[in-house]
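Q: whatever this is, show me its structure:
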Amino acid sequence: MAKSGQARVPTPVQQYHLFQVIQDHRHPEKNAAIMQISFKLGLRAQEISLLQLKEVAKLNSTGTGFKLLEVMSLPAAYTKGADAMKRSKTHYQRKTISFDVDSFNKVVKQIEALAKSGSDINPENFYPPVKQHKGKSRDLPMVNQDLRNALIAYIQFRIDKGEKLKPSSPLFITQKGGPYSPNTLQEHMALMLRDWAGIEKASSHSGRRSLITNVIHKQKKSVKIAQKIAGHVNPSTTLIYEEPPEEVVEDALNNLN
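A: Predicted coordinates for the structure are as follows:
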């Protein structure tokens, strides 16, 4: 069953409208490229914010020319839960803890022994260790022509502005010239989807959900393929996307009579 409050999956008409209105705002080359990556490759906002030029293009020796790559190789360090280049790290606070039965019984006995001896008891000393997410690398063919056109236009735009690009240069930069933080890019993508395109309940995850939903429901591909595209470690996470897309539900309710 899908999680409550999931990002809206835009219809094809809404997606078309999004890319149209992007052209009416500042920085259309950059914004179109960001959203094409989201909708055509399914990257998370964090992954997009961490992309470097070398992930999408091969620069010439002077940094004034380039050739777009055929495949994006996304490092494991960019993926959810990883701390890539010390920019994606977020503060983690426990909300729940869980034990298996044997471990729980051992903890109870330890607490009983400490209580009998009169020792101070700090609950945090008995928490199980936090499982660290290592992320998962994946290769994504950049075959969609709209995606390729957007990336070419954006990189060429930066070169035409006189930038001397390096392979390690951030693919997307803010108005101040630095890389996006994941949170800032999430907010910017939500702004484009909700305020510019008027897509209610959309978020930076909408493009990703749209792509995976399309692969599973419209293309009828296996969950294994969708899992590889999404970079999910556990296939059960991908199974969330087996919920019918909103447009299918809407069509069913519209045809009740």
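Q: what about the spatially closest residue to Ser168 that is not a sequence neighbour, how many neighbours?
A: Among residues not flanking Ser168 along the chain, Gln52 sits closest, at 5.4 Å (CB to CB, 6 or more residues apart in numbering). Glycine gets a C-beta too; all of them are placed from N, C-alpha and C. For Gln52, the neighbour count with other CB atoms under 10 Å is 18.
Q: bridged to Gln52, which residues?
A: Here Gln52 sits in beta bridges with Pro170, going by DSSP bridges.
Q: my read is that it contacts Ser169, right?
A: Yes - with contact defined as CB atoms under 8 Å, Gln52 and Ser169 form a contacting pair (6.5 Å).
Q: in this protein, which spans are helices?
A: 12-22, 28-41, 45-50, 101-117, 145-160, 182-190, 206-213, 223-230, 235-239, 246-254 (DSSP state H).
Q: contacts for the fourth one?
A: Outside helix 101-117, the residues that touch it by CB atoms under 8 Å, 6 or more residues apart in numbering are Phe99, Ile121, Phe126, Pro128.
Q: so what's the third one up against?
A: This points to Phe126. Val107, Gln110, Ile111.
Q: against Ile97, how distant is the second one?
A: This points to Gln110. For Gln110, the distance to Ile97 (CB to CB, to the nearest Å) stands at 15 Å.
Q: do Phe104 as well
A: Distance from Phe104 to Ile97, by CB to CB: 10 Å.
Q: also Lys228?
A: Distance from Lys228 to Ile97, by CB to CB: 32 Å.
Q: neighbour count: these two, which is higher?
A: More neighbours surround Lys228 than the other of Lys228 and Ile97, with 17 against 11 (other CB under 10 Å).
Q: excluding chain neighbours, what is closest to the more buried one?
A: Per CB to CB, 6+ apart, closest to Lys228 is Arg138, 6.5 Å.
Q: now do the contacts for that neighbour.
A: Leu74, Lys228, Ile229, Gly231.
Q: neighbour-wise, which one of those residues leads?
A: Gly231 (23 neighbours).
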